[in-house]
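Chemist: Predicted coordinates and the sequence they were generated for:
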There are 4 protein chains.
Amino acid sequence: MLRVAIAGASGYTGFELIRILCRHPEARLTMITSRQQAGQKLAAFYPAFKSLVELTFQEADPDRFAEESDLVFTALPHQAAMDLVPALLTRNLKVVDLSADYRFRDPEVYAQWYQPHKTPELFREAVYGLPELYRDAIRKARLVGNPGCYPTSVILAAAPLLKNSLVESGSLIADSKSGASGAGRGVSLALHFCEVNDGFKAYKVGEHRHTPEIEQELSLLAGEPLRISFTPHLLPMSRGILSTVYASLRDGVTAPDVDEAFRRFYREAPFVRLCGDAFPTTLQVRGSNYCDIGWKVDERVRRVIVASVIDNLMRGASGQATCNMNLMSGLPEEMGIDQAPWQP
Amino acid sequence: MLRVAIAGASGYTGFELIRILCRHPEARLTMITSRQQAGQKLAAFYPAFKSLVELTFQEADPDRFAEESDLVFTALPHQAAMDLVPALLTRNLKVVDLSADYRFRDPEVYAQWYQPHKTPELFREAVYGLPELYRDAIRKARLVGNPGCYPTSVILAAAPLLKNSLVESGSLIADSKSGASGAGRGVSLALHFCEVNDGFKAYKVGEHRHTPEIEQELSLLAGEPLRISFTPHLLPMSRGILSTVYASLRDGVTAPDVDEAFRRFYREAPFVRLCGDAFPTTLQVRGSNYCDIGWKVDERVRRVIVASVIDNLMRGASGQATCNMNLMSGLPEEMGIDQAPWQP
Amino acid sequence: MLRVAIAGASGYTGFELIRILCRHPEARLTMITSRQQAGQKLAAFYPAFKSLVELTFQEADPDRFAEESDLVFTALPHQAAMDLVPALLTRNLKVVDLSADYRFRDPEVYAQWYQPHKTPELFREAVYGLPELYRDAIRKARLVGNPGCYPTSVILAAAPLLKNSLVESGSLIADSKSGASGAGRGVSLALHFCEVNDGFKAYKVGEHRHTPEIEQELSLLAGEPLRISFTPHLLPMSRGILSTVYASLRDGVTAPDVDEAFRRFYREAPFVRLCGDAFPTTLQVRGSNYCDIGWKVDERVRRVIVASVIDNLMRGASGQATCNMNLMSGLPEEMGIDQAPWQP
Amino acid sequence: MLRVAIAGASGYTGFELIRILCRHPEARLTMITSRQQAGQKLAAFYPAFKSLVELTFQEADPDRFAEESDLVFTALPHQAAMDLVPALLTRNLKVVDLSADYRFRDPEVYAQWYQPHKTPELFREAVYGLPELYRDAIRKARLVGNPGCYPTSVILAAAPLLKNSLVESGSLIADSKSGASGAGRGVSLALHFCEVNDGFKAYKVGEHRHTPEIEQELSLLAGEPLRISFTPHLLPMSRGILSTVYASLRDGVTAPDVDEAFRRFYREAPFVRLCGDAFPTTLQVRGSNYCDIGWKVDERVRRVIVASVIDNLMRGASGQATCNMNLMSGLPEEMGIDQAPWQP
């Protein structure tokens, strides 16, 4: 039985990890930490866990993590993660980091969009935790940078097109929409119910920090550096991301070429489901680790339009983190995250 | 491995049963029927089940049920259920009926609120499927009438008070609020998104058909016939019921008496969680089979106010039906329905 | 042209007052204050008012109010209101106070539920601003205590019953449900979108501060002191209150007696619309100053069930405050607040 | 006083027209028709209008329209509109048609996306009712084709860019999102509350009928034929459209060029508010006739991203129709539709 701990367990991704792990057949949740809630019982903070999980929030002490666990999920804000992760690795723990701190290959890119990094030497060994791209490397990793929610949805939508050189690499536009849990559980006026309900807006246009993460991975797939327009929007709902991706077809590329690229790329991906031109709704993946993808070649404008849907807390965070834990620990990829979606 | 079938699987309770059963450790879903969708693949109708369930909707043929299954969930409208259930019992199948057709003890009550019954002789053997009241009888039953969603929430809120004669039996008022999935998946203007969203209303005031079902069970608990005011309301959300129950305390009854009654009554109920005066939100049980109950004795008015929350599709329908299947089949009560709630 | 000012204009009731007043035919909004936003342009803070209102938030200086306005709406938290209101009255300004500070007749009741009052001597002249009860007194008042949102909905639902002695005064129960804007614009985890959306809960059961306000007015109507069970709930929507009120009929009272009482009581009330047994939804009054009321006599239990709906920001706050301004200023009661409801 | 009638008044755009017209200072609503509701009182069908509007639905008889009104709003499905409009024009009535039937210049385009047209000869005199483009022509028109909701939002977002040749005309992509009222009040499973709530999806990708309408007007602005990618999405909310428009900048075009183009193009447009890089939310225009527009030049990718927001029932339908009525009747453009937005 794998012993696992969560650092920073009081937010929505922490909740979701606890929810998954308390029913995982081969993992046992042994420790949860939260600076603000230390000393508080989980079931008092989150009554949903009454009679299910008996843990109490603790302070995040590296030695304690080493005593209690084999693998740690760090669900901390960026910067806070890089303060803890090295101490965990030193103590021979495996780490799945849900922050942005270990997703990048180039410290300068990180520095430009976030701030200077304290342990850039770890970048070389950290693996970007998107199983469809790096399954084998994840299996051998001791440090995985769990992908951002938007990047997961955009990369999975565009990967087959770029890998097969079907589209102009400079033409990519990702118009993404996320439910409010993507912004976390911190309080702010912008997340007040009455400011979100029955409304919709774009935010951080042309400057969201998930942009370089998307560009890093899509450039590697394309085999050349590329830039993308990425526009996030806030949906009046709790969970779910839909990314609509537009790209111009290269000359001669046909609809069957596109179909074939998707089918081949995701042949062995248990968590990607292809929908063809039956475009998916976020509801059909809610609560699950699936990424469902629909697409259409529009000959009138010689573009392909792809829409991918994920549950931002599952495939966009805690489900994918569990998948990475499974792979790093020699467990079946789907273990503990194979539940059917919730609808309605 | 128990082989189970669902008659009338295209609605929301059908969806929920399939969702549960496709991951149940000891049951195998072998057959689903739907008059309207017969011939259609489940995954085409509900893309959420892509790659999870390979079944195709069939016509509801009793012989076919007998070949394919040991137990049938009948998720049909009332009247349609009583047309099928006897044929299933004749073929030695066990039945959990989710309609109202086998919830009553008195055919005249059924006739008064619904219509004349065709097989009232089955009333004697049908067991009302609320495990907290009838666990042992359910274990031996071949026909269980699965409780209505509102009655489940109201009966569980009031049972300890009546069983212990703590309140005036004529004083009960249940003010209940349900999410829109409680009305089913049939289309109607009243359920159009724009008619429900951002609005709230009472409906069928003083005449909802769940009233006699509530009164039947509460009368048995009280040991005397009683009547209740029951007012259902429609909430602008998909899942969840909260029932606020008011009752006047008998002379001399104290707050500790009430606390003690709740704790004793639910001592061995794995799916009831007591919250005391930390009143529960529907979110803390969403997606689960729990009924969470909060209460408060208000000395100013000498009343006790109880609020119970359930997920109407789980505890109010398909989760409870699965619990009944477990009990009828000698399986552990919680098997397959012990997942943690979904939040947010 | 009446010159009016708003003290504490940055919250939702402030927004709503500005929205009404910027189109009021006989009032001119001359000044808005906010401690936190002083110096900020309204249109920068609330882009909805771009090109509509040119004002800038100021500090709340009594002399400045006296220079700029004839009447002031104080939309401040309780306690803050009582610090400002006397200074405004001294300067010969009329005041409509939207806090709880001038709604009570008995300083001890206020002290018991809030805190000791600093200017209880003003209680004698302050008028409770519910036009259906105190229209003539409001016309002559210089200080009006604008009713709470819940009390408005409950009092209007119960008044005809008590005034005509049709029900047992000790039997009243008000089960009330409010949209999230009723909690104001202050940020808190409890009002985070993900904590409210798709969920429902009761709160402050048996201890909400609107209880004594309701009891004060209903006791006066009944001609005897009475107590009520009042349970507020939080709805997953932005605007609207529905109160379901239960009362036991006195012996001999019939359904026509109840009908007649409602019709007579509201014969000359332009903002109350009677629905009989066609129970209203909050949507049919959204954005308007109407209170729509449905009711039903349930002979089975000898109770009358009444449901009233209001828009908590209009009839429950700013619309009613404007109505009071109209009456205090000799303007027609409906002026500026006679728009049709918004639906959907 | 202008006498106006509505043909097809039972849907959401009909409701909205009634709501506006019952408070319009210079128009009097004299007649409403509905095939299905003929004979029914408006206030029984829509309780929101109790005590506000006394009308009864009638059959749509051309002679009756001529007797009762000077101008008719035809809020009928396409095809049904073209059956009625000629008969109204013959009787010297002015018509604002809210269907798609009189929005096109080329009968072949209409035939290709809808069906063959019966009165293509009217295309020459029908004016496309977007005041920012055709104010003077609308003033003289007797038949106005009121723009579609999506086209209004997309055309207003892109017009200044194309008119000033700032972007590559083949590069336009419009990713649009609409609340559910845009789909009308007809019942269907796809609009059931539980299918829309908490979910999000694209639909009719690459084939929505608003595409040719957008292309017609943008081509005229660009001075050359152009094609656009237009992708509609369904938002889990009742009202509001946000269109995110992407376009590649022509060489040498700078951010100040774009700013200047927007400011100059909308210098005299009372219903367009420019937000610069403070991107708007749909909430800030809800219930109003405003179109608020934000934009940003992203030098990294040499694109401009524009987001426009409207209320689909107001600016996208009934508010704009009223604006057209005002212009056609010599009334001030803003009359009766100058209310402030509703928030929250």
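Modeler: It's in. Residues are numbered from 1 along each chain as shown, chains lettered A, B, ... in the order given.
Chemist: Name the residues of chain A found near chain C, please.
Modeler: Within chain A, the positions near chain C by C-beta under 8 Å from any C-beta of the partner chain are A:12, A:180-181, A:185, A:187-189, A:191-198, A:236-238. No exception for glycine: its C-beta is placed from N, CA and C like everyone else's.
Chemist: From A:A60, how far off is A:V72?
Modeler: Distance, A:V72 to A:A60, using C-beta to C-beta, to the nearest Å: 9 Å.
Chemist: The two: which is more packed in?
Modeler: A:V72 (29 against 26; other C-beta atoms under 10 Å in any protein chain shown).
Chemist: Report the secondary structure state of A:S288.
Modeler: Look at A:S288: counting by DSSP: H, G, I helix; E, B strand; the rest coil, its state is coil.
Chemist: That one is in contact with A:Q343, isn't it?
Modeler: No - using C-beta atoms under 8 Å, A:S288 is not in contact with A:Q343, being 10.0 Å away.
Chemist: re earlier: any common contacting residues for A:V72 and A:A60?
Modeler: Contact criterion C-beta atoms under 8 Å, 6 or more residues apart in numbering or on different chains; residues shared by A:V72 and A:A60: A:A7.
Chemist: Flag every buried residue along stretch A:168-183.
Modeler: A:168-169, A:171-183 (16 or more other C-beta atoms under 10 Å in any protein chain shown).
Chemist: Could you report the neighbour count for the closest residue to A:N164 other than its chain neighbours?
Modeler: Nearest residue to A:N164, sequence neighbours excluded (C-beta to C-beta, 6 or more residues apart in numbering or on different chains): A:A261, at 4.4 Å. Using other C-beta under 10 Å, A:A261 has 22 neighbouring residues.
Chemist: OK, contacts around the residue of the stretch 101-250 of chain A found nearest chain B?
Modeler: Using C-beta to the nearest C-beta, the closest approach of the stretch 101-250 of chain A to chain B is made by A:S238 at 4.5 Å. Neighbour list for A:S238: A:179-181, B:344, C:193-194, C:197-198, D:198 [criterion: C-beta under 8 Å, 6+ apart].
Chemist: Mind doing that once more with 10 Å?
Modeler: Contact partners of A:S238, counting by C-beta atoms under 10 Å, 6 or more residues apart in numbering or on different chains, are A:12, A:179-182, A:196, A:286, A:312-313, B:283, B:342-344, C:193-199, D:198.
Chemist: any idea which helix or strand carries the closest residue to it other than its chain neighbours?
Modeler: Computed as C-beta to C-beta, 6+ apart, the closest residue to A:S238 that is not its neighbour in sequence is B:P344, at 4.5 Å. Following DSSP states H and E, there is no helix or strand that holds B:P344.
Chemist: my read: B:P344 touches A:F15, true?
Modeler: Yes - between B:P344 and A:F15 a contact is recorded at 8.1 Å, counting by C-beta atoms under 10 Å.
Chemist: What segments of the stretch 101-250 of chain A are helices?
Modeler: A:107-113, A:131-140, A:149-163, A:193-196, A:210-222 (DSSP state H, counting those that start in this stretch).
Chemist: Columns mean neighbour count on top of those helices, output as TSV?
Modeler: Listed next are those as TSV, based on neighbours: other C-beta atoms under 10 Å in any protein chain shown:
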stretch	mean neighbour count
helix A:107-113	15
helix A:131-140	17
helix A:149-163	27
helix A:193-196	26
helix A:210-222	22
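Chemist: Show me chain A divided up by domain.
Modeler: Listed domain ranges for chain A are A:2-147+A:315-328, A:149-312 (source: automatic domain parsing).
Chemist: Of those domains, which stretch is the most buried?
Modeler: For those, ranked by mean neighbour count under the definition mean count of other C-beta atoms under 10 Å in any protein chain shown, the leader is domain A:149-312 at a mean of 22.
Chemist: ok, A:L71 - contacts?
Modeler: Contacts of A:L71 by C-beta under 10 Å, 6+ apart are A:2-5, A:27, A:65, A:88, A:93-96, A:142, A:144, A:324-325, A:328-329.
Chemist: Equivalent analysis for A:A126, please.
Modeler: A:85, A:89, A:95, A:97, A:101-105, A:119, A:141-145.
Chemist: In strands, which of these fall?
Modeler: A:95, A:97, A:143-145 (DSSP state E).
Chemist: Of those, just say which sits nearest to chain C.
Modeler: Using C-beta to the nearest C-beta, the ones in strands among the contacts of A:A126 come closest to chain C at A:D97, 23.2 Å.
Chemist: where does the closest one land on pLDDT?
Modeler: The model reports A:D97 with a pLDDT of 98.
Chemist: What residues are bridge-paired with it?
Modeler: Listed beta-bridge partners, A:D97: A:T74, A:G145 (assigned using DSSP bridges).
Chemist: Quick one: residues contacting it.
Modeler: Listed by C-beta under 10 Å, 6+ apart, the contact partners of A:D97 are A:7, A:72-76, A:78, A:81-82, A:84-85, A:88, A:103, A:122, A:126, A:129, A:143-146, A:321, A:324.
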